[in-house]
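Participant: build me a model from this:
(chains A and B)
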Amino acid sequence: MALLTLANSRSPLADAATQRATLAALPLSRSFAEAAASAGHAPLRAARVEVLQINLGKRCNQACRHCHVDAGPDRPEVMPAAVLEACLTFLDASGVPVLDVTGGAPELHPAFRETVVRAREMGRHVIDRCNLTITRLPAYADLPEFLASHQVEVTASLPSVSARQTDTQRGDGVFDDSIAALKRFNELGYGVEGSGLLLNLVTNPVGAFLPGSQAALEADWKRELARRHGVVFNQLFTITNMPISRYLEFLINSGNLESYMARLTSAFNPATVDGLMCRTTLSVGWDGTLFDCDFNQMLELGTTAGAPRTIFEVNAAALEGRPIAVGPHCFGCTAGAGSSCGGTVA
Amino acid sequence: MDTYYHPKDLAKFGEMGTEAPELWKAFSAWYNAVFKEGALTEREKALIALAVSHAVQCPYCIDAYTTASLEKGSTPEQMTEAVHVAAAIKGGAALVHGVQMRHHIDKLSM
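Facilitator: Modelled structure (predicted):
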């Protein structure tokens, strides 16, 4: 049975302010700002923007149980043309080298392909955060060929090499569809050494626990996906689940919220702070609001006072050195080996 | 205390160093070294620990090594098979003692 999004099940957690209040009420041993200060970052500040991450909208053909975006087929939010144009204008003018396209399923946006083409014409590296199953829908069956022809890096979600775990998190039949999609990408050269077509996989733990060693898991996954399915890929990124939206709901409903947050807090690793993605990423919401990262975006925790607030008023120089907006959820990126959209950071 | 086992007590394991700090230090160093990657991966060692936890019926260990096995990438299917291995050895160990029973039967019977 398809999951309802928080927004459409009238959950109080659909409201970002309720989520922030829930997290703020937790009895943590110290604040994230104090933890960052102990690592020499008081306050945590941004460096130069290296990645422009744009959220094309919250529409998705899936409704995963852990989704921090609360994305789903019933979400109407789609980035308007004027916002997308402003993003591309900034990408061109700023010289930011990487465009990271996310959602929802970003490919559902009517201007997804045009965006990719224009960014590639600017010489930018483009990352498509792909849920894999989108390529199994008839209207999107040629997506892998399109992405290959424009040398787009595909960073694809697959929580587990186990069908049951994958389907538990992402929906019935998702594992089989994902494997079929990966095989198609492989046929085009994606994930094949020397092809230049990058196919990376992202795994989020299927439950209230932290991800394991990225290197060890990558070796296991490469062996198991090749042995069981004949699938190859480049890198595995392990990402810690953030206590936001539907994963927050899961933590609350399963009675794991306090212990999970205590675990994240106690696992704070000062060596991760320098490399936190919020320091080098600019995240743009579907409506053009700016955020320090995708997680802050979902908590509606905008850029701090004095920094540009929307894509219409942004310039790269004004972003560098800005204080980053932080909260208890930030412990998710500093636990253990750290976590980011590109996997571990320490 | 209304029960011998309490989940919160797992976090108090370190209190065993209170009266014997040197022994605790030695135990901790050895324990941590055991679980580091060597000829076996950390994931494999966690699976062995999970199986043994069931054989010795230690609820603290089951708690700790269920989490550790998941974090190191084992699937519930692999973890369940590991517990079956432990159960098979436990069951087999009981059953193989039946040979002793048979020896006694032979000795006592006409």
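Participant: which strand or helix spans the residue of chain A positioned farthest from its centre?
Facilitator: Ranked by distance from the centre of chain A (C-alpha atoms, centre = their mean), the top residue is A:Arg227, with 28.3 Å. For A:Arg227, the host element (DSSP states H and E) is helix A:214-229.
Participant: check A:Thr155 too.
Facilitator: Under the criterion DSSP H and E, the helix or strand holding A:Thr155 is strand A:153-157.
Participant: helices or strands up against that strand?
Facilitator: In terms of contacts (3 or more C-beta pairs under 8 Å, 6 or more residues apart in numbering or on different chains; DSSP states H and E), strand A:153-157 is packed against strand A:125-130, helix A:174-187, strand A:199-203. Yep, even glycine has a C-beta here, placed from its N, CA and C like the rest.
Participant: B:Gly91: which of these is closest?
Facilitator: helix A:174-187 (33.2 Å; C-beta to C-beta).
Participant: on that earlier part again, now render the helices and strands packed on strand A:153-157 as JSON lines, adding mean pLDDT, mean neighbour count and distance to chain B.
Facilitator: As requested, the helices and strands packed on strand A:153-157 are arranged in JSON lines below (pLDDT from 0 to 100; neighbours: other C-beta atoms under 10 Å in any protein chain shown; distance: least, C-beta to the nearest C-beta, whole Å):
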{"stretch": "strand A:125-130", "mean pLDDT": "98", "mean neighbour count": "22", "distance to chain B": "22"}
{"stretch": "helix A:174-187", "mean pLDDT": "98", "mean neighbour count": "20", "distance to chain B": "12"}
{"stretch": "strand A:199-203", "mean pLDDT": "97", "mean neighbour count": "23", "distance to chain B": "8"}
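Participant: of those, which is nearest B:Met16?
Facilitator: Judging those by C-beta to C-beta, what sits closest to B:Met16 is strand A:199-203, at 35.6 Å.
Participant: can you check the pLDDT for the nearest residue to A:Ala180 once chain neighbours are set aside?
Facilitator: For A:Ala180, ignoring the flanking residues on the chain, the nearest one in space by C-beta to C-beta, 6 or more residues apart in numbering or on different chains is A:Arg136 at 6.4 Å. For A:Arg136, the pLDDT comes out at 97.
Participant: residue contacts, A:Arg136?
Facilitator: Taking C-beta atoms under 8 Å, 6 or more residues apart in numbering or on different chains as the definition of contact, the neighbours of A:Arg136 are A:Asp177, A:Ala180, A:Ala181.
Participant: buried set for stretch B:40-60?
Facilitator: Within stretch B:40-60, the residues that count as buried by 16 or more other C-beta atoms under 10 Å in any protein chain shown are B:41-54, B:60.
Participant: coming back round to it: what's the helix or strand that the helix holding A:Arg227 is followed by packed up against?
Facilitator: Proceeding C-terminally, helix A:214-229 gives way to strand A:236-238 as the next helix or strand, assigned by DSSP H and E. Here strand A:236-238 is seen to pack against strand A:199-203, helix A:214-229 when contacts are counted using 3+ C-beta pairs under 8 Å, 6+ apart.
Participant: may I see the buried residues of the next helix or strand after strand A:236-238?
Facilitator: For strand A:236-238, the succeeding helix or strand toward the C-terminus, using DSSP H and E, is helix A:245-253. If you call a residue buried by 16+ other C-beta under 10 Å, then helix A:245-253 has these buried ones: A:Ser245, A:Arg246, A:Tyr247, A:Leu248, A:Glu249, A:Phe250, A:Leu251.
Participant: which other helices and strands contact helix A:245-253?
Facilitator: helix A:16-24, helix A:257-266.
Participant: report the angle between it and helix A:257-266.
Facilitator: With axes from the mean of the first three to the mean of the last three C-alpha atoms, to 10 degrees as the criterion, the two stretches helix A:245-253 and helix A:257-266 enclose an angle of 110 degrees.
Participant: can you list the helices and strands packed on strand A:153-157 in a markdown table and add distance to A:Glu320?
Facilitator: Conversion of these to a markdown table gives the following (distance: least, C-beta to C-beta, whole Å):
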| stretch | distance to A:Glu320 |
| --- | --- |
| strand A:125-130 | 20 |
| helix A:174-187 | 36 |
| strand A:199-203 | 28 |
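Participant: tell me who's in contact with A:Arg309.
Facilitator: By C-beta under 8 Å, 6+ apart, the contact list for A:Arg309 reads A:Thr289, A:Leu290, A:Gly302, A:Thr303.
Participant: swap that for A:Ser339, please
Facilitator: A:Pro211, A:Thr238, A:Ile239, A:Thr240, A:Gly332, A:Cys333, A:Val345.
Participant: returning to what we had before: ok, which of the buried residues of stretch B:40-60 also contact chain A?
Facilitator: With C-beta under 8 Å from any C-beta of the partner chain as the criterion, the members of those in contact with chain A are B:Thr41, B:Glu42, B:Arg43.
Participant: what does the strand holding A:Thr155 rub up against?
Facilitator: Against strand A:153-157 from outside (C-beta under 8 Å, 6+ apart): A:64, A:125-132, A:147, A:170, A:178, A:181-182, A:185, A:190, A:197-204, A:237, A:341.
Participant: low-confidence ranges, the chain, go.
Facilitator: Picking chain A for this. For chain A, the stretches flagged by pLDDT under 70 are A:1-2.
Participant: oops, chain B please
Facilitator: Regions of chain B meeting the criterion pLDDT under 70 cover residues B:1.
Participant: near chain A, which residues of it?
Facilitator: Applying C-beta under 8 Å from any C-beta, we find that chain B lies next to chain A at B:Glu37, B:Thr41, B:Glu42, B:Arg43, B:Thr67, B:Leu70, B:Glu71, B:Lys72, B:Gly73, B:Thr75, B:Pro76, B:Glu77.
Participant: and these, which of them are buried?
Facilitator: The neighbour-count test (16+ other C-beta under 10 Å) applied to the residues of chain B next to chain A identifies B:Thr41, B:Glu42, B:Arg43, B:Thr67, B:Leu70, B:Glu71, B:Lys72, B:Gly73, B:Thr75, B:Pro76 as buried.
Participant: please export the alpha-carbon coordinates of the longest helix belonging to chain B; CSV is fine.
Facilitator: Residue-count comparison of every helix in chain B, with assignments taken from DSSP state H, identifies helix B:76-96 as the longest. Taking C-alpha atoms only, helix B:76-96 is exported to CSV below (Å, rounded to 0.1, in the frame of the first residue of the first chain):
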residue,chain,number,x,y,z
PRO,B,76,18.1,-9.5,8.7
GLU,B,77,18.2,-12.6,6.5
GLN,B,78,22.0,-13.0,7.2
MET,B,79,21.5,-12.3,10.9
THR,B,80,18.7,-14.8,11.2
GLU,B,81,20.9,-17.5,9.5
ALA,B,82,23.7,-16.7,12.0
VAL,B,83,21.3,-17.3,14.9
HIS,B,84,20.2,-20.6,13.3
VAL,B,85,23.9,-21.6,13.2
ALA,B,86,24.1,-20.9,16.9
ALA,B,87,20.9,-22.7,17.5
ALA,B,88,22.0,-25.7,15.4
ILE,B,89,25.3,-26.0,17.4
LYS,B,90,23.4,-25.7,20.7
GLY,B,91,20.8,-28.3,19.5
GLY,B,92,23.5,-30.5,18.1
ALA,B,93,25.6,-30.2,21.2
ALA,B,94,22.6,-31.5,23.2
LEU,B,95,21.9,-34.2,20.8
VAL,B,96,25.4,-35.5,20.4
